[in-house]
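Colleague: Need coordinates for the following:
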Amino acid sequence: MDMPTLLVVDDESVVTFMLSKKLSELGIRVVTASHGEEALRLSKQILPFAVLTDNDMPRMTGTELAKRLYAEGSTRAVPVIMLTGRGHRIAPSECSTTNIQHVLSKPFSAREIVHLVQELLTQHTDRMNAQPPTARPKAA
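Modeller: You can find the predicted model right below:
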């Protein structure tokens, strides 16, 4: 089985670096993007088990990214953890038209993010283990 991949999206390189370093300790592959358009393109290529994204970014907000991921067949089920600026709220209607699972305000707790990513990784692993094995060709 391939190593599960998490996509981390933030326009602040110090944030993506810190999160990438911390989350790679979970034994997962972490891919980073600096804006929503890049993240959307990458998500279709790597099919991450989850996306951790900032909301306030240039070119495409995290909310728009979540909506576009949800609208795409291959990424519809990818859960999103949204990071927002202090006091910024995500409307419940936006969560219902996306797969935003959690919203955290900045400054965030790295420990809380690690916990949420571990939770989503466990759910992903459980789903993968529940799928029937692919059919193997019979020996001749």
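
Colleague: Compute the mean per-residue pLDDT across the helix or strand hosting residue 39, please.
Modeller: Using DSSP states H and E, residue 39 falls within helix 36-46. Averaging pLDDT along helix 36-46 gives 95.

Colleague: Next one: residue 2 from residue 28, what distance?
Modeller: For residue 2, the distance to residue 28 equals 11 Å [Cβ to Cβ, to the nearest Å]. Yep, even glycine has a C-beta here, placed from its N, CA and C like the rest.

Colleague: So if I had to pick from those two, which one is more boxed in?
Modeller: For residue 2 and residue 28, the more surrounded residue by other Cβ atoms under 10 Å is residue 28, and the numbers stand at 19 against 8.

Colleague: is it true that that one touches residue 118?
Modeller: No - counting by Cβ atoms under 8 Å, residue 28 stays clear of residue 118, with 9.5 Å between them.

Colleague: what comes into contact with the top helix by length along the chain?
Modeller: For the chain, the helix that runs over the most residues, judged by DSSP state H, is helix 110-130. For helix 110-130, contacts defined as Cβ atoms under 8 Å, 6 or more residues apart in numbering pick out 1, 4, 6, 18-19, 22-23, 26, 28, 49-50, 52, 79, 81, 101-102, 104.
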